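Colleague: coords please:
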Amino acid sequence: MSETWFASQLLPDGSPEDGCHPQEAAALKEYLHSTTTTADAAARDITLPVTSEPHTPRKGQSSHNLPRLWGLIIDALNDLPDHRHKIIQLLQAIQNLATSNPNEGENEIRWAELPGFGHLWADLAVDSSWRSQIGKWPPEQREGVRQDFVRQATVEAQLTVADLSGMSVSSGLGCICDALERSDAVPDFEVPAVKEWIRLAGDRIWAASDADVEGLLRERDLWKRSEGQGRKPRWHFWKQRLNSMAEHKELNLDTREAARKAVEAMDAIEQ
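Modeller: Okay, the predicted model is just below:
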């Protein structure tokens, strides 16, 4: 974790308007470097600028400059994987803060809801148009987006398991259904993401896999509820698909290995 990373958060692209507050960066840096600073103390320090500043709009936003704080934390989750566990603990501590009403006459901040965090996470995720654009990308760009997509699944599963407001297992269900129930799936992108969701949040995926086929669990072209087998028909179908992919010689080794590990995780959950 370099000084350059924290400096980039203060002045992203050289624009001070888009940067985080210096005290927010300092609080995060102290917390991640320290062996004694608790998540609770860091939560109080990192939220102080938001609760003490006037409630002023930023680029059309009017939520106490929270997007600035959330942007710093989301960047840290993505860019600093070695510290991700501590960063998630910090988010949990922020969520446990008492409701704040820093300035008379202004709206309170309900920290328990982490207001706007989930929305900003979704806004900064890999664009949903990637599937239609992938054929136009050179190999380097394709690999970069693929890595971002898998990392996004990993972090989102971890945030979901941490019971953070705004995060839901429904994202994992949608990821799995798109990867294993669509004939136009992109295995090297999607199977490693499936593996991460099952590895990290498999119990929750198992519990929700027989939900009504609405929304993210709507039927895709490769699976119909009437075709399912066993106590968990959709789960059983996913497992069959992953077993098939694990043996599919036309898929690259990393994709086959991800499918195999996903099946192993599913086996462990069923026991």
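Colleague: C-alpha only now, for contacts and for neighbours.
Modeller: Will do.
Colleague: So which residue is dead centre in the chain?
Modeller: Nearest to the mean C-alpha position of the chain, by Cα atoms, centre = their mean, lies Glu156 at 2.3 Å.
Colleague: In space, what's closest to that one - neighbours in sequence excluded?
Modeller: Closest residue in space to Glu156, ignoring its immediate chain neighbours: Met167 at 7.3 Å, by Cα to Cα, 6 or more residues apart in numbering.
Colleague: How about the backbone phi and psi for the one you found?
Modeller: Note on Met167: backbone dihedrals following degrees, to the nearest 10 are phi -110, psi 140.
Colleague: is it true that it touches Gln158?
Modeller: No - using Cα atoms under 8 Å, Met167 is not in contact with Gln158, being 9.6 Å away.
Colleague: Mean confidence (pLDDT) on stretch 95-109, please.
Modeller: For stretch 95-109, mean pLDDT is 72.
Colleague: now do the same end-to-end measure for that stretch.
Modeller: Taking Cα to Cα, to the nearest Å as the measure, stretch 95-109 stretches 11 Å from start to finish.
Colleague: How about stretch 30-38?
Modeller: 10 Å.
Colleague: Pull out the buried residues from that stretch.
Modeller: Residues of stretch 30-38 classed as buried: Tyr31, Leu32 (neighbour count, 16 or more other Cα atoms under 10 Å).
Colleague: Then stretch 84-96?
Modeller: For stretch 84-96, using 16+ other Cα under 10 Å, the buried residues are Arg84, Lys86, Ile87, Ile88, Gln89, Leu90, Leu91, Gln92, Ala93, Ile94, Gln95, Asn96.
Colleague: So which of those residues is the closest to Asp254?
Modeller: Arg84 (23.7 Å; Cα to Cα).
Colleague: can you pull out the helices in the protein?
Modeller: Remark: helices assigned in the chain by DSSP state H are 3-10, 22-33, 39-52, 66-79, 84-95, 117-123, 130-133, 139-161, 170-181, 187-208, 233-246, 253-270.
Colleague: What pLDDT does the model give the residue nearest to Trp121 when sequence neighbours are not counted?
Modeller: Leaving out its chain neighbours, the residue that sits closest to Trp121 by Cα to Cα, 6+ apart is Ile74, at 7.0 Å. Listed pLDDT for Ile74 reads 97.
Colleague: How much space separates Ala42 from Leu80?
Modeller: Distance from Ala42 to Leu80, by Cα to Cα: 17 Å.
Colleague: Show me which of these two is the more surrounded one.
Modeller: The neighbour comparison of Ala42 against Leu80 (other Cα atoms under 10 Å) goes to Ala42, with 23 against 14.
Colleague: neighbours around Lys195, how many?
Modeller: 28.
Colleague: can I assume it is in contact with Ala258?
Modeller: Yes - counting by Cα under 8 Å, Lys195 does reach Ala258; the two are 5.9 Å apart.
Colleague: quick one: low-confidence parts of this structure?
Modeller: Applying pLDDT under 70 to the chain picks out residues 1, 11-17, 54-64, 101-107, 212-217, 225-231.
Colleague: now with 90?
Modeller: 1-4, 6-21, 49-65, 99-109, 127-129, 208-221, 223-234, 271 (pLDDT under 90).
Colleague: what's the burial count for the spatially closest residue to Ile134 that is not a sequence neighbour?
Modeller: Closest residue in space to Ile134, ignoring its immediate chain neighbours: Arg142 at 6.7 Å, by Cα to Cα, 6+ apart. Arg142 has 17 neighbours, counted by other Cα under 10 Å.
Colleague: ok, back up a step: a markdown table please, covering the buried residues of stretch 84-96 and showing distance to Glu53.
Modeller: Shown next, in a markdown table, are the buried residues of stretch 84-96 (distance: Cα to Cα, whole Å):
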| residue | distance to Glu53 |
| --- | --- |
| Arg84 | 28 |
| Lys86 | 26 |
| Ile87 | 24 |
| Ile88 | 25 |
| Gln89 | 25 |
| Leu90 | 21 |
| Leu91 | 20 |
| Gln92 | 23 |
| Ala93 | 21 |
| Ile94 | 17 |
| Gln95 | 20 |
| Asn96 | 21 |
